[in-house]
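Engineer: pasting a predicted model and its sequence here:
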Amino acid sequence: MFMAGKPVLSLRGVRYQIGDRLLLDNIDFDLRAGESMAVVGPSGSGKSTLLGCVLGLMRPSSGSVEVGGRDIVRMRRRELERQRSNYMGVVFQFGELLPELTPVENVALAALLAGTKADEACRRAEKLLDELGVPHGGAATLQLSGGERQRTALARALINEPALLLADEPTGALDSDTRDSVADLLFSLPGRWGCALVVVTHDGQVAERADHCLELRDAKLIRRGAGVQP
Ligand SMILES: Nc1ncnc2c1ncn2[C@@H]1O[C@H](COP(=O)(O)OP(=O)(O)OP(=O)(O)O)[C@@H](O)[C@H]1O
């Protein structure tokens, strides 16, 4: 896990523009191990763009995005991919799992791709799925409920022990009871695993569980909860 006390994620002066529209204007924040942050904001305000900059999928026109103490903005592709696989885990709205594989296979695959041996990858996948409450007989992932699929997606994001967990609308496709149980699990992870967590969500009831709640509006990040220094 990343050094305690130092930010796992640190943005300074991040600016991102599409055409003549400024989506991110001078965004600054720090997030440390064990902390969670929610980003809310109207549809189209640029929340996914912000996450894209943190993941290195989008390149800001200026500013720095430090993950694990290193600026990813000016990294070459290979180096960026290495930094991403060493430090980051990601969960999307629909889980983005391979439906015909079993949950164990879906989760183990992420470890295999990171260089873990097959036996070890399966063992760790099974343990993680047990801890996150996902049944894992031989059934294909498509037979799981929506909540179980999102828990599987969380297990996949966690298997390489990321210092930074990123989630884009992780509960957006779930009914309200399932949303609550997945959100409870999600926000328990920084305390249990020592990772930092960023959640982009439309849902105020999900966002209020975070240590820091920030709203993206008119290209600026405005603090809504206590904590983070924007
Ligand atoms: N490649 C692109 N070309 C042009 N416009 C784009 C492109 N990508 C995103 N946009 C626009 O940028 C704006 C921000 O998009 P983004 O997906 O970051 O918003 P969001 O806050 O995540 O929205 P939502 O909550 O609806 O998912 C939107 O108006 C979108 O249409």
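Structural biologist: It's in. Residues are numbered from 1 along each chain as shown.
Engineer: low-scoring pLDDT stretches of the chain, where are they?
Structural biologist: 1-5, 94-95, 225-230 (pLDDT under 70).
Engineer: what about the longest helix in it?
Structural biologist: helix 176-193 (DSSP state H).
Engineer: give me the contacts around that one.
Structural biologist: 1, 33-36, 132-133, 145-147, 150-151, 154, 158, 161, 165, 167, 170-171, 174, 195-197, 199, 203, 205-206, 209-211 (CB atoms under 8 Å, 6 or more residues apart in numbering). Any C-beta I mention is one placed from the backbone N, CA and C, and that applies to glycine too.
Engineer: again, only using 7 Å
Structural biologist: When contacts are defined by CB atoms under 7 Å, 6 or more residues apart in numbering, helix 176-193 is touched by residues 34-36, 132, 146-147, 150-151, 154, 158, 165, 167, 170-171, 174, 195-197, 199, 206, 209-210.
Engineer: can you tell me which residues in this structure are near the ligand?
Structural biologist: 18, 23, 41, 43-49, 202 (CB under 6 Å from any ligand atom).
Engineer: just the CA atoms of stretch 142-157, as CSV, please.
Structural biologist: Included here for stretch 142-157 are C-alpha records, laid out as CSV according to Å, rounded to 0.1, in the frame of the first residue of the first chain:
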residue,chain,number,x,y,z
LEU,A,142,-24.7,-13.4,-16.3
GLN,A,143,-26.7,-15.5,-13.9
LEU,A,144,-25.8,-13.3,-10.9
SER,A,145,-28.1,-10.5,-9.6
GLY,A,146,-27.2,-6.9,-10.4
GLY,A,147,-25.8,-6.4,-6.9
GLU,A,148,-23.8,-9.5,-7.0
ARG,A,149,-22.4,-8.4,-10.4
GLN,A,150,-21.3,-5.1,-9.0
ARG,A,151,-19.7,-6.8,-6.0
THR,A,152,-17.8,-9.0,-8.5
ALA,A,153,-16.7,-5.9,-10.4
LEU,A,154,-15.5,-4.5,-7.1
ALA,A,155,-13.6,-7.7,-6.4
ARG,A,156,-12.0,-7.5,-9.9
ALA,A,157,-11.0,-3.9,-9.2
